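# With the sequence up front, the predicted model follows.
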Amino acid sequence: MPLYEHVFLARQDLAQAQVDALAENATKIVTDNGGKVVRTENWGLRNIAYRIAKNRKAHYVALDIDAPAPAIAELERQTNINEDVIRFLTLRVDEHESGPSAMMRRGERDRERGPRDDRGDRGDRGGFGRDRGDRAPRGEEMEA
């Protein structure tokens, strides 16, 4: 069977339990039509690039699906009807990623880096506007 990745964005005012219910509903649609959901990833509440239907944030959910084309058509039809889903995208892929997706790896990398104020000597992001030692302080002339 063909492999697909299906990502949908749910409204920001939904509770996490409601988002999980949307993912379970999508899984049920796929399994009822002869496919299976290999993996479900909840990427959490994230900022979106531009406002969509007065939403500045959205809950992101990704599904890795192994299903025939009619199952995907039914999933997209049901997702399009649902008022809680503001955007979705389904892509056919050659194979699914093994391990966590790029979005989940990104979150792990950010946690490993630590907070921004603990980044070493670049406290003000490059040193613009402070004395770096290559010029005289203001009001004083350099001696030759």
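Nice, thanks for sending it over.
# Would you map the strands across this structure?
Assignment of strands within the chain using DSSP state E yields the ranges 3-11, 36-52, 55-66, 85-93.
# Next, give phi and psi for residue 101.
The phi and psi torsions at residue 101 (degrees, to the nearest 10) take the values phi -70, psi 170.
# re the thing from before, okay if I get the strands of the chain as JSON lines plus mean pLDDT?
Putting those into JSON lines (pLDDT from 0 to 100) gives the following:
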{"stretch": "strand 3-11", "mean pLDDT": "94"}
{"stretch": "strand 36-52", "mean pLDDT": "92"}
{"stretch": "strand 55-66", "mean pLDDT": "93"}
{"stretch": "strand 85-93", "mean pLDDT": "93"}
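# a markdown table for these, including mean neighbour count?
In short, each C-beta sits where N, CA and C put it, glycine included. As requested, the strands of the chain are exported to a markdown table (neighbours: other C-beta atoms under 10 Å):
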| stretch | mean neighbour count |
| --- | --- |
| strand 3-11 | 20 |
| strand 36-52 | 13 |
| strand 55-66 | 19 |
| strand 85-93 | 14 |
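# Switch those strands over to a markdown table, and while doing so, append distance to residue 30 to every line.
Shown next, in a markdown table, are the strands of the chain (distance: least, C-beta to C-beta, whole Å):
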| stretch | distance to residue 30 |
| --- | --- |
| strand 3-11 | 9 |
| strand 36-52 | 5 |
| strand 55-66 | 6 |
| strand 85-93 | 11 |
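# Residue 28: which of these is closest?
Ranking these by proximity to residue 28 (C-beta to C-beta) places strand 36-52 first, at 9.3 Å.
# ok, residues contacting that closest one?
Contacts to strand 36-52, defined as C-beta atoms under 8 Å, 6 or more residues apart in numbering, come from residues 9, 12, 16, 19-20, 23, 26-27, 30-31, 55-67, 86-87, 96, 100-101, 103-104.
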